[in-house]
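**Q** Here is a sequence together with a model predicted from it:
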Amino acid sequence: TAPTTESPGLPRTLGLDVSLTVGASPLDGSGLARGLALSWRTPGPGRLLRWGVRGSYSLTPDAWVDSASLQRASVLALGGVSGRGALAPFAEVGAGWLMLVVDKPARREGDALGLTTRAAAGLRWKAGDFALRGALGVDLDGVRVDGRRRWTWAPGLELGLER
């Protein structure tokens, strides 16, 4: 047998995923939110479980009253399951912090202490050292609007490249 150049204690993949996202506007605004997400996942016990973190940013131009744009940033802890093989299904859930900014002409408002949860499922196609990930997800965001916490659903799609 040929010798391997990999260290036996190091994983072959890093678990990093960079994704393009598109989805419903936060706060039931109009238009589509477009953005980026960066995730890191590591195998848990049994290699089917995965744990990690996800950071995301999206922008929805002219989505709110008086042509205000909405900016959304979040950081979540993730947990999920992932199949094995070249084409494998996955599902994950997460919970964490959310910041929502409403950019109005000559004024900026928002909530820097929002809460968010997420559920997503999709397919991962592994080709060599990289994998393509496609997912359908839904976020449940809770932000303060006029002094009261308002909860809204935001479904979306994402396409990512994992290493």
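**A** Received it, and whenever you're ready, just let me know what you need.

**Q** Could you pull out the buried residues of the lengthiest strand in the chain?
**A** Secondary structure of the chain per DSSP state E: the longest strand is strand 107-127. Within strand 107-127, the residues that count as buried by 16 or more other C-beta atoms under 10 Å are Gly110, Asp111, Gly114, Leu115, Thr116, Thr117, Arg118, Ala120, Gly122, Arg124, Lys126. In short, each C-beta sits where N, CA and C put it, glycine included.

**Q** Can I get those in a markdown table including pLDDT and distance to Glu162?
**A** Formatted as a markdown table, the buried residues of strand 107-127 follow (pLDDT from 0 to 100; distance: C-beta to C-beta, whole Å):
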| residue | pLDDT | distance to Glu162 |
| --- | --- | --- |
| Gly110 | 91 | 31 |
| Asp111 | 94 | 31 |
| Gly114 | 96 | 27 |
| Leu115 | 97 | 27 |
| Thr116 | 98 | 22 |
| Thr117 | 98 | 23 |
| Arg118 | 98 | 17 |
| Ala120 | 98 | 14 |
| Gly122 | 98 | 12 |
| Arg124 | 95 | 7 |
| Lys126 | 92 | 8 |
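
**Q** Quickly name whichever of these is closest to Gly80.
**A** If you rank those by distance to Gly80 using C-beta to C-beta, Ala120 comes first, at 8.1 Å.

**Q** got the contact list for that closest one?
**A** Contacts for Ala120 (C-beta atoms under 8 Å, 6 or more residues apart in numbering) come out as Ala91, Glu92, Val93, Ala135, Leu136, Gly137, Val138, Glu158.
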